[in-house]
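K.L.:
can you look at this prediction? I've put the sequence above it.
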Amino acid sequence: MKNNLDPRVRVYSVWVPMQGGAEKNVAEATATVPDARVHHFWDDAGFTLRTFSLVLGLPPGRQAWDVYLIYGPTTRWDETNPPAPDYWMHQLKDVTNGPFLKADVLADHLAQTLHAANKP
């Protein structure tokens with residue numbers, strides 16, 4: 001976020017009960033992403049863990065957490081399940097159907113998405 005100051009960028013950070021995380025930890029966790037463009041949510045029921053696992057085509061039993069999704073500006077969530085992202089990366093062990101997170105590559109894809117949004 002600190003390397004891309006474009007005000008059109010919106011980040012939705014969903015905190016989930018993984019690795020012993022609880023709602024009481026969210027306030028402290030949000031300090032790791034101190035940017036006004038970031039909107040934080042707590043998903044105690046694990047809705048995002050399950051639904052994004054399906055959308056991303058993760059192996060059975062894998063939950064979608066520690067994933068980073070990029071959507072273009074015209075993407076809408078009009079169905080029960082979220083739409084597939086334009087690009088995504090993860091930090092999940094043994095998941096091979098999406099690239100493992102490399103911050104510079106993710107930043108490049110975000111820049112490309114923003115650039116494409118400027119075209120008529």
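P.N.:
Perfect, thanks for sending it.
K.L.:
return the distance of the longest helix along the chain from the chain's centre.
P.N.:
Among the segments of the chain that qualify as a helix by DSSP state H, the longest is helix 103-117. Offset of helix 103-117 from its chain centre (Cα atoms, centre = their mean, to the nearest Å): 14 Å.
K.L.:
quick one: contacts of that helix?
P.N.:
3-4, 6, 8-9, 68, 70-73, 86-87, 89, 99 (Cβ atoms under 8 Å, 6 or more residues apart in numbering). All C-beta atoms are positioned from the backbone trio N, CA, C, and that covers glycine.
K.L.:
and for stretch 38-55?
P.N.:
Stretch 38-55 has contacts (Cβ under 8 Å, 6+ apart) with 1, 10-18, 23, 26, 30, 33, 62-65, 67, 69, 81-85.
K.L.:
what is the end-to-end distance of it?
P.N.:
22 Å (Cα to Cα, to the nearest Å).
K.L.:
how about it: buried residues?
P.N.:
42, 48-49, 52-53, 55 (16 or more other Cβ atoms under 10 Å).
K.L.:
now it, how far from the chain's geometric center?
P.N.:
When distances are taken as Cα atoms, centre = their mean, stretch 38-55 is centred 9 Å away from the chain's centroid.
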